[in-house]
Structure formats: C-alpha cells, structure tokens
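In: what follows is a predicted protein model with its sequence.
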Amino acid sequence: MPQNKHDTGDLLLGFLGGGMMAEAIIRGILGKKVLKPDSIYVCELLEHRREALSTFGVKTTDTASSMLERCNVVILAVKPDVVPLVLGQISSIKPKSQDHTLYVSICAGVTLEALCPPLEEKKMWVRVMPNQPCVVGEAASAFAMNERCSAKHRQIVNQLLGACGAVVEVPEKNLDAVTGLSGSGPAFVFMMIEAMTDAGVRKGLLRTVASKLAAQTVLGAAKMALEFPERHPAELRNRVESPGGTTIAGTVALESGGFRAAVINAVSQATDRSEELGKHK
Ligand SMILES: NC(=O)C1=CN([C@@H]2O[C@H](COP(=O)(O)OP(=O)(O)OC[C@H]3O[C@@H](n4cnc5c(N)ncnc54)[C@H](O)[C@@H]3O)[C@@H](O)[C@H]2O)C=CC1
Ligand SMILES: O=C(O)[C@@H]1CCC=N1
C-alpha cells in the first residue's frame, strides 16, 4: 500500500464534525503526507473549532452541503446523538443509489444498520473505531465495512487509518468490544500514568521527572509487548520481578487492590456503554 506520498489521486476527504477526533485524524493524515491539506474539508458548527482546524491549512465550513457536494470520502465525527441529524443532511444532499461517496463513521456504538437501514438505497459505509493516539501516529483502529464496499474501499480505509497507526479489520459485532478496549483505553492508561506520577511525587520525585518516567515506562512496556508477541504479558512481567525484590512487592499490592479486576471491569463497562449507545437511535 503506497504511503508517505501525495498518491491518493482525486481523493477529497470531508469531515462532518471538527472536534477532538477529527483533529487527531487530520494530524495523522497530514503528518504522513497521505493527503495535502487542500484535499481536506471540515464542516464544523463552532467557529473556534473551524479557526483551530484552519491552522492546518484544511478548508472549513459551517454548512454540510458545500462539503458533501465536493468530497468523495466523508468521515462522520460528531457525537453519536447527532448522527440521525447528519444522516438526514446526507440523504437530502446525496439521495441517489448512484452516490459513489465512501462514508466512514467513527461514532461509538452506531451500527452499520443504523447508518444505512436495509430498506434504504444502500450507500457505502464503513464503521471505524480509532483512538486518540492518531495525534501521534500511534492509533489502534479497527473497522468493518457494509456489503456495498469493495477491495478499493478497504484500501482507502487502510491508507487513511494506516497514516494514523495500526489498523485491523474485524467483524462488526466486535466493534463495541474494540470501543471499550482501544477506543476508550487511552483514558485508562492515562489514569495509570497519572497514578504512577503521583506515587513518584509522594516519594519525593519532581512532578516533571515522575511524569516523564511514568509515560516512558508505559511506552517501553507497550513496545516490548508488541515486539515480543510470542511472550505472554505474564512472562514479560515475571522478568521484571526479581525474587524477594521490589517489583513483586508492588505486584502483590496491585493484586490486593483488585487491579486486574478493575481494568477488566473498565473495558467491560465501556463495551456495554457502546452497545447501549447503539440502541438509542
Ligand atoms: N474522543 C475519542 O477519544 C474518541 C471518539 N470517538 C467518536 O468520535 C466522535 C467524535 O468525538 P469527539 O471528536 O471526541 O467529539 P467532539 O465533541 O470533540 O467533536 C464533535 C464536533 O462535532 C461538532 N458538531 C456537532 N453537530 C454538528 C453538525 N450538525 N455539523 C457539523 N459539526 C457538528 C461539534 O461542534 C464538535 O466540535 C464521537 O462519536 C465519538 O464516539 C471515537 C474514538 C475515540
Ligand atoms: O468516550 C467515548 O464515548 C468515546 C468513544 C471512544 C472514546 N471516546
């Protein structure tokens, strides 16, 4: 798959909603030079957000029609409760089955069926769950496509999301679990970094030093888990735990604090919430 070049031909990418995630994806795409800024349009209601996004050189507007008429790939990046409204806007501007636009939703819980009901003329829809680390090109994204999409659309999705980090295709039924794990996951990891930093400060480290050490520790551990996939995380952990040493004293404390159960519950609750969001259409 070609990357790192302006090799996406006539691809004009539009965003409906220019909030945190739209910005994160734009940063990823521009950072890897998959598109030029003037191939990206953002429809956003808030003036301060349009101003913030203009600094990337992308075109901004507050009317959906001008963006939808131009773009051949459109990413829905509004909150899930706004989806019915913007679907109405899309249908009124591009109603025909001849619509060749590829639509991509990143909205938590919103199913392909809700985006494109079976009785309506089918448009090409992809449901994606990215995450905030798009901002630094280290996202974990998963996607599922509806039956109107083809290999060409898979390639476009891989190219756009690939610019933002790792991408996997999954059955749509897995996307709520993906939302709970990697969509919401950065927040859980930030809590861990925050807590480790506080602990360092409590034990006398400068906050700047503690937060740098905490974040780098998470990065290094994550890199090891990715680079040694054949080693179970418990094996990696055991290598840190010297007999009678410091680490085992800490891991026992985590066990007695219910650390693993708390993390499993966090991902499970976030998954359940994603499923719930999908039921409020
Ligand atoms: N924040 C995250 O880490 C992640 C969020 N998501 C999903 O991404 C979507 C967007 O989330 P965020 O970017 O965090 O939200 P956000 O609130 O930062 O951005 C949404 C933007 O849409 C704008 N908007 C609302 N109605 C609009 C309309 N009719 N036309 C144009 N713009 C409109 C709002 O003014 C706002 O700036 C959500 O559906 C969320 O589930 C997915 C993965 C991760
Ligand atoms: O909290 C949320 O609903 C969104 C979806 C995944 C991450 N943030």
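Out: Looks like it arrived, so ask away. Ligands and ions are numbered 1, 2, ... in the order given.
In: tell me the average confidence for stretch 253-271?
Out: For stretch 253-271, mean pLDDT rounds to 98.
In: what comes up buried for it?
Out: 263, 266-267, 270-271 (16 or more other CB atoms under 10 Å). Where C-beta positions appear, they are placed from N, C-alpha and C, glycine not excepted.
In: redo those as TSV? Include secondary structure.
Out: Formatted as TSV, the buried residues of stretch 253-271 follow (DSSP: H, G, I helix; E, B strand; the rest coil):
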residue	secondary structure
263	helix
266	helix
267	helix
270	helix
271	helix
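In: so which of these comes closest to residue 127?
Out: Ranked by distance to residue 127 (CB to CB), the buried residues of stretch 253-271 are led by residue 271 at 15.1 Å.
In: you'd agree the closest one is up against residue 175?
Out: No - here residue 271 lies out of contact with residue 175, judged by CB atoms under 8 Å, at a distance of 9.7 Å.
In: and whichever residue of the chain sits closest to ligand 1, how many neighbours?
Out: Here the chain gets closest to ligand 1 at one residue, residue 19, 1.7 Å apart by CB to the nearest ligand atom. Residue 19: 17 surrounding residues under other CB atoms under 10 Å.
In: ditto for residue 116
Out: 20.
In: so it is in contact with residue 146, correct?
Out: Yes - Residue 116 is within contact range of residue 146, at 5.9 Å (criterion: CB under 8 Å).
In: joint contacts of the two?
Out: 122, 125 (CB atoms under 8 Å, 6 or more residues apart in numbering).
In: residue with max distance from the center of this protein?
Out: residue 244 (40.9 Å; CA atoms, centre = their mean).
In: assign it to helix, strand or coil.
Out: Residue 244 - assigned by three-state DSSP - is coil.
In: that one and residue 263: what is the separation?
Out: 27 Å (CB to CB, to the nearest Å).
In: before we move on, the earlier item: need the buried residues of stretch 253-271 in JSON lines (columns: distance to ligand 2).
Out: Output for the buried residues of stretch 253-271, formatted as JSON lines (distance: CB to the nearest ligand atom, whole Å):
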{"residue": "263", "distance to ligand 2": "16"}
{"residue": "266", "distance to ligand 2": "12"}
{"residue": "267", "distance to ligand 2": "12"}
{"residue": "270", "distance to ligand 2": "7"}
{"residue": "271", "distance to ligand 2": "11"}
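In: how about residue 38, what does it touch?
Out: Residue 38 neighbours (CB under 8 Å, 6+ apart): 57-59.
In: helices of the stretch 151-281 of the chain, start to end?
Out: 151-162, 175-178, 185-202, 207-227, 233-240, 246-256, 259-279 (DSSP state H, counting those that start in this stretch).
In: and those: which comes nearest residue 27?
Out: With CB to CB as the yardstick, what comes closest out of those is helix 151-162 (12.6 Å).
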